[in-house]
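Asker: Okay, here's the prediction I keep looking at, along with the sequence it came from:
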Amino acid sequence: MTVSAALTAMLEARTVALVGASVRPGSLGARMVDQVARSPSRPRTYLVNPRYPDIGGVPCLPSLAEVPEPADLVLLAVPDTALEDQLALAARTRARSAVIFGNAFDANGATGLRDRLAGIATDAGMALCGAGCMGFVNVARGLRAVGYVEPDRVPAGPVALITHSGSVFSALLRARRGFGFSLAVSSGQELVTTAAAYARYALQLEETRVLALVLEAIRDAGDLRAALATALKTDVPVVLLSVGLSHAGKNLVSAHSGALAAADGAWEALAGAYGVHRVRDLAELSDTLELFAVGQDGAGRRAAHGTGIATVHDSGLERAHVADLAAELGVPFAPVGRATTDRLARAIDPGLEPGNPLDVWGTGRDTEPLFAECLAALAADPQVAAVALAVDLVPELDGDEAYPNAVLTVANGTVKPVAVLAGVPASIDPVAAARLRAAGVPVLEGTRSGLLALRHLLDHADRPAPPFDPEPLDPERRQRWARLLARGTPDSATLFDLLRDYGIPAVRARSVVTRAEALDAAADIGYPVVLKTDEPHIAHKSDVGGVCLGLDDLQAVVDAYDDLADRLGPRVLVCETAPAGAEVALGLTRDPALGPLLVIGAGGLFIEILAERAVVLPPVTPSQARAVLARLRLARILAGVRGQPAADLDAIANAITGLSALACDLGDVLDALDINPLICGPNGAVAADVLVVPVPSSLPLRSSPT
């Protein structure tokens, strides 16, 4: 994994030019000077502003052109109207990188400033942080390049934070949580240098053991995938908070797959492929980072390969509350063995029930040894992957330290993760929390967010295999279909041939344009048959009454054809009747950043009603396909309900891998492809309908691989 020399020069700068340096209190220029001066690495610093001969006794140069050596890093605290000239001057003086704090807004209705700034930096080979950013703090290398006041001492630790949000940058640097940073970057608009590039740099730092990403867009998919692959390979947990909607399918009004993937399908697919831990808010982000980061060597403790968590409580109601919430969130409690329950029974007061989760509050006597023994018993159970003391950790007005002492005793006696799960963040005793964190015990600040963090810890023990390269393409097959699709949408019968060519079984079908052709096709295929409109402008046939089922004789075909032709047009598809079975929808949609995505969900009329789907990155193996199916509620239908036979899961998985191969071959010439329904019975799976949306024919075709 190669990191550009310009980016390294930026993040480890030894010479820094501060353009717009100021003495005006509270100004961006003054804050910038103050923050850079606090850098432990003590870079050579040049102040630049023609208004001042000096600032605090340090000479102030009138222009970047007067800086006596090429700067590794130029910080631009100047108005937007001056950005273009100053960045161009930085390029001419052979500066290697720059930070743009301003938003780079165009003045007086003009356009293109951001594009021009990006062009200047790119042409000069400069790394560029921003525009609209806070800058960065490279804690591991002792460099502060920010224009806003941050803590005098940003805590050192294992988390590398890359965020599009400046407010998140500041909030986490000041959070007083149980983790510190190797690198923190507020990357802003990423006119040139992207979050992916910072992530690749961070993963080269020995200090980085956890990667935190707060992103609103994927701006360099190839680099981001490379960084995530490195993190997966080196067992660095990646925690992602994504915001905004993926653009997948925004123009695909005729395709179900595009609509179903549009919410955040690209993020879902990316996270699934690389074992990324997606969080939904900043509370879950903070708790998850703390759980992964706090611990021995600043790298956290990884969950053992148990079946779930264990919790100890001092309240029966709160135990029930945690159990209810864990069930809602899908956080499993480990079933503990007989030896563990016997050990717990000997420790707790009579009348209390030994088990997991465990309420131990009886008489309140001997609190510290009681809680320590119960936590230790649960931690020792082979089914328990992680253990938490689920108490509110309020300040004890009598000075009692039984809870922290009990947790620390257990944490020192096990290699498994041990945490405190607190329910009310505002009531947490900051002194007790700081003591626990300093000793390597995470304090999770919320029941919901803490349980979700524990689920991420469990998931990390079962992270996926690294994505693999697809098998070599069949150039002849790929080129044949690519050229056909480039000429427009083929008729439905030809599309069924496309599916079969990629190993996806499909019903026999023939496209016709007259009544006589329909009768010949029905006789050849064999009754009963299905007639569907095949007019190219009709995407969803059933919505317009364009499907006629169970036609078992000649007259039925005549009547159905005449009706369809009169109402919708003469182009009709005659199909064999598929055997009964559960209906699955398979789709392909093309994301602007990631390329083709696969969409898997319930089929038939339920595709939009249930709107349940999984979005995955191809290529996909049969075992991965089965794992995706198992995560859906659809799995219960496929397993057979109310006397219905179970579907052939291997056949469905093979159809998914066939579509995966098609996506790898033709994903750049297809905007969308829907197979709905794929009818799945005990003896196989067969595609009963297919819709294709090619890319506009004006786009160039990818060259056939050699």
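Answerer: Arrived safely, thanks for sending. Everything quoted here is computed from the prediction, not taken from an experiment.
Asker: partner residues bridging Ser242?
Answerer: Per DSSP bridges, residues listed as beta-bridge partners of Ser242: Leu215.
Asker: neighbours of it, just the number please.
Answerer: For Ser242, the number of neighbouring residues by other Cβ atoms under 10 Å comes to 23. Quick note: C-beta positions are derived from backbone N, CA and C, even for glycine.
Asker: Is it in contact with Glu268, as I believe?
Answerer: No - using Cβ atoms under 8 Å, Ser242 makes no contact with Glu268, being 9.3 Å away.
Asker: Count the residues that sit near Pro425.
Answerer: Neighbourhood size, Pro425 [other Cβ under 10 Å]: 16.
Asker: so it makes contact with Glu445?
Answerer: Yes - between Pro425 and Glu445 there is a contact under Cβ under 8 Å: 4.2 Å.
Asker: so where do the helices sit in the stretch 501-650 of the chain?
Answerer: Using DSSP state H, counting those that start in this stretch, the helices found in the stretch 501-650 of the chain span residues 515-525, 554-567, 606-610, 622-630, 634-638, 649-666.
Asker: Show me what the fourth one is packed against.
Answerer: Meaning helix 622-630. The contact analysis (3 or more Cβ pairs under 8 Å, 6 or more residues apart in numbering; DSSP states H and E) places helix 622-630 against strand 595-602, strand 613-616, helix 649-666.
Asker: quick revisit: residues shared between the contacts of Ser242 and Glu268?
Answerer: Arg278 (Cβ atoms under 8 Å, 6 or more residues apart in numbering).
Asker: Is Leu484 within a helix or a strand, and which one?
Answerer: Per DSSP states H and E: Leu484 is located in helix 475-486.
Asker: Also compute the angle for that helix relative to helix 649-666, please.
Answerer: Interaxial angle, helix 475-486 versus helix 649-666 (axes from the mean of the first three to the mean of the last three Cα atoms, to 10 degrees): 80 degrees.
Asker: Counting by contacts, list what helix 475-486 packs against.
Answerer: The helices and strands touching helix 475-486, judged by 3+ Cβ pairs under 8 Å, 6+ apart, are helix 492-501, helix 649-666, strand 690-694.
Asker: Which one, of these, ends up nearest to Ala145?
Answerer: Across the helices and strands packed on helix 475-486, Ala145 has its closest neighbour in helix 649-666 (41.6 Å, Cβ to Cβ).
Asker: Can you list the buried residues in that closest one?
Answerer: Of the residues in helix 649-666, 649, 651-666 count as buried by neighbour count, 16 or more other Cβ atoms under 10 Å.
Asker: and the angle for that helix with strand 595-602?
Answerer: Going by the same axes, to 10 degrees, helix 649-666 makes 160 degrees with strand 595-602.
Asker: Which neighbouring elements make contact with helix 649-666?
Answerer: helix 475-486, helix 492-501, strand 582-591, strand 595-602, helix 622-630, strand 670-681, strand 684-687.
Asker: Turn these into JSON lines, including mean neighbour count, distance to Thr363 and mean pLDDT.
Answerer: Output for these, formatted as JSON lines (neighbours: other Cβ atoms under 10 Å; distance: least, Cβ to Cβ, whole Å; pLDDT from 0 to 100):
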{"stretch": "helix 475-486", "mean neighbour count": "16", "distance to Thr363": "75", "mean pLDDT": "91"}
{"stretch": "helix 492-501", "mean neighbour count": "20", "distance to Thr363": "70", "mean pLDDT": "94"}
{"stretch": "strand 582-591", "mean neighbour count": "26", "distance to Thr363": "56", "mean pLDDT": "92"}
{"stretch": "strand 595-602", "mean neighbour count": "26", "distance to Thr363": "54", "mean pLDDT": "93"}
{"stretch": "helix 622-630", "mean neighbour count": "18", "distance to Thr363": "46", "mean pLDDT": "93"}
{"stretch": "strand 670-681", "mean neighbour count": "25", "distance to Thr363": "59", "mean pLDDT": "93"}
{"stretch": "strand 684-687", "mean neighbour count": "23", "distance to Thr363": "62", "mean pLDDT": "96"}
